[in-house]
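Enquirer: The sequence isn't on hand, but the structure is:
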Ligand SMILES: C[S@@+](CC[C@H](N)C(=O)[O-])C[C@H]1O[C@@H](n2cnc3c(N)ncnc32)[C@H](O)[C@@H]1O
């Protein structure tokens, strides 16, 4: 869903506690200085490219998860979904190292 559609729905539904950041999530988290502020982080199907040559462009890395951990509250929930088994296996390894 695009940013304009999200903002339209938020306005129609009267949602006033929403913040939308348009940018590269990796950069945004690198430059972030707000910590322990989310009870839940949801990352669903971030990388739609199945080819091995695209693996280095994948969003989720050990460093990315370290930065995700910083924005989450203690005992928060992190939900990640992918439909690529090798990516899921890789994410599990990163999760064990970072959380
Ligand atoms: C296949 S879509 C999934 C969209 C939605 N999460 C869903 O489940 O329907 C992948 C999304 O991840 C976003 N994405 C991938 N890498 C990103 C990054 N580094 N920063 C921000 N968004 C990213 C893409 O822009 C795209 O919108």
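Expert: Done, it's in. Treat the numbers as computed from the prediction; the structure is a model and nothing was measured.
Enquirer: Look up which helix or strand the residue nearest to the spatial centre of the chain falls in, please.
Expert: With distances taken as CA atoms, centre = their mean, the residue of the chain nearest its centroid is residue 43 (4.3 Å). Taking DSSP states H and E as the criterion, residue 43 maps to strand 38-44.
Enquirer: where's that strand relative to the chain centroid, distance-wise?
Expert: On the basis of CA atoms, centre = their mean, to the nearest Å, strand 38-44 sits 7 Å off its chain's mean C-alpha point.
Enquirer: Kindly indicate whether the spatially closest residue to the residue nearest to the centre of the chain that is not a sequence neighbour is helix, strand or coil.
Expert: Leaving out its chain neighbours, the residue that sits closest to residue 43 by CB to CB, 6 or more residues apart in numbering is residue 80, at 4.8 Å. Just so you know, the C-beta spots here come from the backbone N, C-alpha and C atoms, and that holds for glycine as well. Using DSSP: H, G, I helix; E, B strand; the rest coil, the structure places residue 80 in strand.
Enquirer: Now do the same contact list for residue 80.
Expert: 43, 44, 60, 91 (CB atoms under 8 Å, 6 or more residues apart in numbering).
Enquirer: Secondary structure class of the closest residue to residue 16 other than its chain neighbours, three-state.
Expert: Closest residue to residue 16 in three dimensions, ignoring its sequence neighbours and counting by CB to CB, 6+ apart: residue 10, at 7.8 Å. On the three-state scheme (three-state DSSP), residue 10 is labelled helix.
Enquirer: do the same with the one 10 residues further on
Expert: Of the three states, residue 20 takes coil under three-state DSSP.
Enquirer: one step back: ok, and which of the contacts of residue 80 reach the ligand?
Expert: Restricting the contacts of residue 80 to those near the ligand by CB under 6 Å from any ligand atom leaves residue 44.
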